[in-house]
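[1] Kindly return the folded structure for what I paste below:
(one chain, ligands or ions: 1)
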Amino acid sequence: MGTGCGVNGSVAASKSHHGVAVDVNPIAVDCAKRNAERNGVAGRVEVRESDLFENVSGRFDLILFDPPFRWFRPNDLYERATADENCETLTSLFQQVKAYLTGSGRILLSFGTTGDIDYLHELVAQAGLKTEELRKVEGEKDGLTVAYLVYRFTVPSHPVSGCDSLALLASKEPLPRARSRGDEVR
Ligand SMILES: C[S@@+](CC[C@H](N)C(=O)[O-])C[C@H]1O[C@@H](n2cnc3c(N)ncnc32)[C@H](O)[C@@H]1O
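    Below you'll find the model as predicted:
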């Protein structure tokens, strides 16, 4: 999802029989296609233009997304790489994603505390997904401590009740919060 230059789609294709790589930006789609050809995996990955799952069907064992996580309005298609107005793409992703995962399917998603990470966890809890933090790297940006994380989200084997979802949220370590969607945008 949001394949950009196609690196994630090509690596996933090199380890699987069949993959689908999509992006809302047609220039990224063209670039991802050419990179799949260069890396010898074009026969195993279909690359196409799609706003999230608009042009996607089927269920997947693995969905990779390095989403735009700044919540302000992008000025053009290029800025959609980093900006997602009011987290609309992120919200729609978690509203839809379970319909595209196999029972043991997983989502690997990267995110940063320069985005509204609390809102990400709200969406994940609402979707009833289990969260695992796989990687966390801390650094400094504009004088603020920031963290970049990689998460794995999975469908729990037993249905999650409302109380369990809250427990999942409460069990998370508090993360440094740099900004949230309500904050003024520079
Ligand atoms: C942070 S970039 C990912 C870059 C990619 N990992 C790479 O290495 O090139 C986010 C990507 O998501 C795409 N994107 C943003 N909103 C999208 C949407 N609603 N549906 C599909 N792709 C989207 C952007 O065009 C951009 O290519």
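[2] Just give me the neighbour total for the closest residue to residue 141 other than its chain neighbours.
    Spatial nearest neighbour of residue 141, chain neighbours left out: residue 114 (6.3 Å); criterion: Cβ to Cβ, 6 or more residues apart in numbering. All C-beta spots, glycine's among them, are computed from the backbone N, C-alpha and C. Residue crowding around residue 114 was assessed by other Cβ atoms under 10 Å; the count is 17.
[3] Under a three-state scheme, what state does residue 114 occupy?
    For residue 114, the secondary-structure state derived from DSSP: H, G, I helix; E, B strand; the rest coil is coil.
[4] quick one, strands of this protein?
    Per DSSP state E, the chain carries strands over the ranges 19-23, 45-49, 60-65, 101-112, 130-141, 144-154.
[5] same question for the last one, mean pLDDT?
    The pLDDT scores in strand 144-154 average 96.
[6] roughly how far apart are the residue nearest to residue 141 and residue 144?
    8 Å (Cβ to Cβ, to the nearest Å).
[7] returning to that earlier point: does the residue nearest to residue 141 really touch residue 147, like I thought?
    No. Applying Cβ atoms under 8 Å as the test, residue 114 and residue 147 come out as separate, 9.1 Å apart.
[8] what's the spacing between residue 113 and the ligand?
    15 Å (Cβ to the nearest ligand atom, to the nearest Å).
[9] hang on, the earlier thing: ramachandran angles for the residue nearest to residue 141?
    Residue 114 adopts backbone torsions of phi -80, psi -10, taken as degrees, to the nearest 10.
[10] what about the residue nearest to residue 93 when sequence neighbours are not counted, distance to the ligand?
    Using Cβ to Cβ, 6+ apart and skipping the chain neighbours, the partner closest in space to residue 93 is residue 52 (6.0 Å). Distance of residue 52 to the ligand, computed by Cβ to the nearest ligand atom: 5 Å.
[11] Likewise for residue 28?
    4 Å.
[12] could you list every residue that touches that residue?
    3, 4, 5, 6, 81 (Cβ atoms under 8 Å, 6 or more residues apart in numbering).
[13] if we go to 10 Å?
    When contacts are counted by Cβ atoms under 10 Å, 6 or more residues apart in numbering, residue 28 is found next to 2-6, 21-22, 47, 49, 77-78, 80-81.
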